[in-house]
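Turn this into a model:
(chains A and B)
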Amino acid sequence: MRFLKLFMVLLFIALPLAAFAAEKKANSIDELAKMYDSSSCKKCHAEIYAQWEKSHHARSLMGVKGGLMLTPLALKKGTPGSTAFSEDDPKKMTIKNFPCFKCHLPQAVISAEDSVAVELAEALLAKDSAKVGKLQITCIVCHNTKAIIHKRELGEPRKNVLYSSKAVAQHPDGKYKAVEKSAIFKDSVYCGQCHGLGPNLEFDQPFQCANLYGSYLHSYIPSGGAQTCQDCHMQKGDHLIAPNFNDDKGTSELLAKAISLDVQTLGYEWLRKAGTYISKVVVNTKITQTAGHRIPDG
Amino acid sequence: MVVTAKTTDGKEIGKVEKHYHPQATNCRDTKMKYGAQWKVANVRDTSLQPAQAKKEAIEFDLPAGIREAIVTVELFYEAANPANKYQIHSITRKVSLDR
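Below is the predicted model:
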């Protein structure tokens, strides 16, 4: 009986500690990268993983062609190029100083201490691409963190569960042992969580990144469009989710497929007034596009 | 989109650029901004819209004595900055005033 009591007391102490440990936030870029590491997915999903590795999701803080697009936020406040989110010392940077994390690194909002923001700011100023590049929108971010939007009905995404377009009862992974079906995975609203409606007015300093989902809702849908983001950008489950702006040829081909240009020309002599002819060339251009959103947008 | 008219020996007669994209300010002044961290809301949108054709009629007056021109229409996509271009289409036409 005494042993049982002791066991119960220890259990009461140990359980909250275990829970605390599970909730512990990352203190460094390496810790955050490890928490959301999806390299184990590669073993069984090699093709998808290879597609993702080339995608902008895999370099969500890197911008186009190796750029470090968040650098202006890390610059010393008041210096040329700095922003309203900048501080006078990178050591003062917090998660809130990087509102871009909302979409470019959603895991940081829920799983990172401010020390990660300090480390990132210092890495940006040092142009340390290798360190910045460790922060990615990994498989875990899409298939867990951002997988549920109806949280009042469905709750938060559960730990150790992945979400996808179809359920897998027994998922052979050391950590994520089940895959549940998410109703929104094939819906544009899923992508719309980040590929934006317009100004982000919920922050203390508004800013605007992507408008794309707003364009889809307010332009493409009213025009009679019925395709989803995934229909075009994830054909056959392609996790590159093109365009890949680091691939010049592929990007040009994709754009040429979506955008048509028709050119008609006319040469004639315009009669401005009696006896005064002006030789003129008229170029009539007509551009049409088949995307489900404005071009350009993101 | 860049539309260029040249003489048959390569001298430029004229060049017209059209830019199709949403344009935003910070809503505190009238300057257009680049970069999400500075933009707040679109004030103008000339981008290519779904199911809508973007039509232009561009005119070049030819110099005296010139009755032929080579017209080139190039359509580019610019990502991140104007120097980072992806060519989408390039169409060239020879236009003559003679029959």
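
mind checking the SS state of the residue nearest to A:Ile95 when sequence neighbours are not counted?
Leaving aside its sequence neighbours, A:Ile95 sits nearest to A:Ala117 (C-beta to C-beta, 6 or more residues apart in numbering or on different chains; 5.2 Å). Yep, even glycine has a C-beta here, placed from its N, CA and C like the rest. Here A:Ala117 is recorded as helix under DSSP: H, G, I helix; E, B strand; the rest coil.

what's near enough to touch A:Ala117?
A:93-95, A:97-98, A:108 (C-beta atoms under 8 Å, 6 or more residues apart in numbering or on different chains).

Please apply the same query to B:Met1.
A:285, A:287, B:17-20, B:56, B:73-76.

What of B:Arg44?
B:Arg44 neighbours (C-beta under 8 Å, 6+ apart): B:22-23.

What distance do you get for it to chain A?
13 Å (C-beta to the nearest C-beta, to the nearest Å).

just checking, next helix/strand downstream of the worst-scoring helix or strand of chain A on mean pLDDT?
Counting by mean pLDDT, DSSP states H and E, chain A has its least confident helix or strand at helix A:2-23, which shows a mean of 50. Downstream of helix A:2-23, the first helix or strand assigned by DSSP states H and E is helix A:29-35.

where in the stretch 51-200 of chain A is pLDDT low?
For the stretch 51-200 of chain A, no stretch has pLDDT under 70.

Tell me where it has helices.
A:71-74, A:101-104, A:106-111, A:114-125, A:129-132, A:139-140, A:151-154, A:188-192 (DSSP state H, counting those that start in this stretch).

any chance of those in CSV, plus distance to A:Gly63?
Shown next, in CSV, are the helices of the stretch 51-200 of chain A (distance: least, C-beta to C-beta, whole Å):
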stretch, distance to A:Gly63
helix A:71-74, 9
helix A:101-104, 10
helix A:106-111, 17
helix A:114-125, 11
helix A:129-132, 10
helix A:139-140, 21
helix A:151-154, 31
helix A:188-192, 19
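
how about the strands in the stretch 101-250 of chain A?
Ranges of strands in the stretch 101-250 of chain A, per DSSP state E, counting those that start in this stretch, are A:161-164, A:178-181, A:199-200, A:207-208.

Could you export the ones you listed as JSON lines, including mean neighbour count and distance to chain B?
Output for those, formatted as JSON lines (neighbours: other C-beta atoms under 10 Å in any protein chain shown; distance: least, C-beta to the nearest C-beta, whole Å):
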{"stretch": "strand A:161-164", "mean neighbour count": "20", "distance to chain B": "28"}
{"stretch": "strand A:178-181", "mean neighbour count": "16", "distance to chain B": "30"}
{"stretch": "strand A:199-200", "mean neighbour count": "19", "distance to chain B": "5"}
{"stretch": "strand A:207-208", "mean neighbour count": "24", "distance to chain B": "4"}
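
just to revisit the earlier point, any of the contacts of A:Ala117 buried? List them.
A:93, A:95, A:97-98, A:108 (16 or more other C-beta atoms under 10 Å in any protein chain shown).

where's A:Ile221 relative to chain B, distance?
Counting by C-beta to the nearest C-beta, the gap from A:Ile221 to chain B is 9 Å.

can you check A:Lys175 too?
If you measure A:Lys175 against chain B using C-beta to the nearest C-beta, the figure is 33 Å.

Now that residue. Its backbone dihedrals?
When quoted as degrees, to the nearest 10, the phi and psi of A:Lys175 stand at phi -110, psi -50.

Please verify my assumption that it contacts A:Val161.
No - counting by C-beta atoms under 8 Å, A:Val161 is not a contact partner of A:Lys175; they are 10.0 Å apart.

Tell me which stretches of chain B form strands.
Taking DSSP state E to define them, one finds strands in chain B at B:2-6, B:12-17, B:22-25, B:41-45, B:54-61, B:68-78, B:85-96.

Just send the ones you listed back as JSON lines, with distance to A:His104 too.
Listed next are the strands of chain B as JSON lines, based on distance: least, C-beta to C-beta, whole Å:
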{"stretch": "strand B:2-6", "distance to A:His104": "32"}
{"stretch": "strand B:12-17", "distance to A:His104": "31"}
{"stretch": "strand B:22-25", "distance to A:His104": "18"}
{"stretch": "strand B:41-45", "distance to A:His104": "20"}
{"stretch": "strand B:54-61", "distance to A:His104": "31"}
{"stretch": "strand B:68-78", "distance to A:His104": "21"}
{"stretch": "strand B:85-96", "distance to A:His104": "22"}
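
before we move on, the earlier item: tell me which of the contacts of B:Met1 is nearest to B:His89?
For the contacts of B:Met1, the minimum distance to B:His89 (C-beta to C-beta) is 4.5 Å, reached by B:Leu75.
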